[in-house]
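>>> Return a 3D structure for these sequence lines:
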Amino acid sequence: MTLLRRLGTVSGLALGWVWAVAASPLLLPLVFVIDVLRGGRWALLRAYLFVLVFLSAELWGVTAAFLRWLWPSRRGWLEHHYQLQRRWVRTLFDSARWLYGAKIEVEGLEAAERGPFLLLVRHVSVADTLLPTRLLSDRYGLRLRFVLKRDLLFDPCLDIVGQRLPNAFVARGSRDRDEDLAAVRGLLTGLGPDGGVLLFPEGTRYTPERRAQVLARLKGSTTPERLAKAERLSQVLPPRLGGLEVLLAADPPLDVVICAHTGFEGTTRLLDFWKGSLIGCRIQIAFWRIDGASIPKDPEGRVDWIYREWQRVDDWVKAHSGTGQ
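Next comes the predicted model:
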């Protein structure tokens, strides 16, 4: 069934690419006229061109993965797919930055130049998922292992290449929670100096509306002390503790690298790219590293530590985005 589903998805991708390219002579003038009438900054044209880039990258990635599957030797299997991942991300990230004129500022990158470590990334946009691979894997040759939501498997490249690499795709609210946690724990096996495990602790993209929903749920399911800590977080969602606690309990403990960023807040939804929210934006990114030996060993102490560090992320975002809340 999985093979049939993948064949159907890839066929749809190929047809979409052919249609988008074939229709360009008709659609591009129309897009141009709409942008002129809207009086914007060519938001629709930029988005249309990025869709072409995205479909092309997807089609190339799937084709390259298929050709590697036909190759009889398994030698270099993982490295080949890590290279595919890096090229796919580089194409999308650099194309988006050029098309939208985004300005990127990074500090503390050296904190993640060597593994093994656990990488915790703020999540506010579909775009910030590309940051770790583009900034770290490309620069330092790191082999990052991702904890991602299973919903992302609708993307052909993530479905095929992502599942050939040691990643964990988990379902939010899954009945197979123990199985998902075991998959997350399995990512710790065999981590070397070029390895890292990446987790988005919030579990979903931050918006003020989602923050209100999460806090409402916590009011009936946690202690007053922990709820107070969650309520103090204004620019990030309270961290989800399941997979995070599993990874922090590693023996020996992993160093933790945290990635805070701001500038993607206007691109929470795909529709925001059509509106031009990313055009000319200033994206600021910071990394810092915490010695794994300094993280509390007891579960309650680890939870307190998680909230302290996530408050640090929240404070950084407020200081660099000018929210001052």
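
>>> Near residue 255, how many other residues are there?
Number of residues near residue 255 (other Cβ atoms under 10 Å) recorded here: 20. Where C-beta positions appear, they are placed from N, C-alpha and C, glycine not excepted.

>>> That one against residue 294, yeah?
No - using Cβ atoms under 8 Å, residue 255 is not in contact with residue 294, being 9.4 Å away.

>>> got any ranges where the chain has weak pLDDT?
In the prediction, the chain carries residues with pLDDT under 70 at positions 1-8, 72, 173-175, 322-325.

>>> got the buried residues for the longest helix that it contains?
Counting by DSSP state H, the longest helix found in the chain is helix 43-70. By neighbour count on 16 or more other Cβ atoms under 10 Å, the buried set for helix 43-70 is 43-50, 53-55, 57-62, 64-65, 68.

>>> The particular helix or strand that has residue 185 in it - contacts with which helices or strands?
Per DSSP states H and E, residue 185 falls inside helix 177-186. For helix 177-186, the packing partners by 3 or more Cβ pairs under 8 Å, 6 or more residues apart in numbering; DSSP states H and E come out as strand 168-170, helix 242-248.

>>> Sort out which residues of it are buried, please.
So helix 177-186, judged by 16+ other Cβ under 10 Å, has buried residues 180-181, 183-184.

>>> of those, closest to residue 223?
Closest to residue 223 out of the buried residues of helix 177-186 is residue 181 (22.1 Å), distances taken as Cβ to Cβ.

>>> Now do the following helix or strand past the longest helix of the chain against helix 43-70: the angle between them, please.
Tracing the chain past helix 43-70, the next element assigned as helix or strand by DSSP H and E is helix 77-100. If you take axes from the mean of the first three to the mean of the last three Cα atoms, to 10 degrees, helix 77-100 sits at 170 degrees to helix 43-70.

>>> now what about helix 77-100, what contacts it?
With Cβ atoms under 8 Å, 6 or more residues apart in numbering as the test, helix 77-100 has contacts from 46, 49-50, 53-54, 57, 60-61, 64-65, 68, 102, 104, 127, 130-131, 133-134, 137-138, 143, 157, 161-162, 164-165, 276, 278-281.

>>> okay, now residue 10: neighbour count?
Using other Cβ under 10 Å, residue 10 has 19 neighbouring residues.

>>> quick one: the residue nearest the centre of the chain from residue 33, how far?
Centroid check for the chain by Cα atoms, centre = their mean gives residue 129 as the closest residue, at 2.1 Å. Distance of residue 129 to residue 33, given as Cβ to Cβ, to the nearest Å: 33 Å.

>>> Also residue 138?
Going from residue 138 to residue 33 by Cβ to Cβ gives 38 Å.

>>> between these two, who's got more neighbours?
More crowded of residue 138 and residue 33, by other Cβ under 10 Å: residue 138, with 15 against 11.

>>> For residue 248, list the residues it contacts.
118, 254, 256, 295, 302, 306 are the contacts of residue 248 under Cβ under 8 Å, 6+ apart.

>>> Can you flag which of those belong to helices?
Checking the contacts of residue 248 against DSSP H, those in helices are 302, 306.

>>> for stretch 254-272, which positions count as buried?
254-268, 272.

>>> Export only the CA atoms of whichever strand or helix holds residue 104, formatted as PDB.
For residue 104, the enclosing helix or strand under DSSP H and E is strand 103-107. Taking C-alpha atoms only, strand 103-107 is exported to PDB below (Å, rounded to 0.1, in the frame of the first residue of the first chain):
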ATOM      1  CA  LYS A 103      18.600  39.200   5.200                       C
ATOM      2  CA  ILE A 104      20.200  36.500   7.400                       C
ATOM      3  CA  GLU A 105      22.200  37.300  10.600                       C
ATOM      4  CA  VAL A 106      23.700  34.400  12.600                       C
ATOM      5  CA  GLU A 107      25.600  34.400  15.900                       C
END
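
>>> which outside residues touch it?
Contacts of strand 103-107 (Cβ under 8 Å, 6+ apart): 97, 135, 280-287.

>>> let's go with 10 Å and repeat that
Under the criterion Cβ atoms under 10 Å, 6 or more residues apart in numbering, residues 93, 97, 131, 134-135, 259-261, 263, 280-288, 320 lie in contact with strand 103-107.

>>> Among those residues, the buried ones, what's the ChimeraX command?
To isolate the buried ones among those in ChimeraX, judged by 16+ other Cβ under 10 Å, type:
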select :93,97,131,134,135,259,260,261,263,281,283,284,285,286,287,288,320
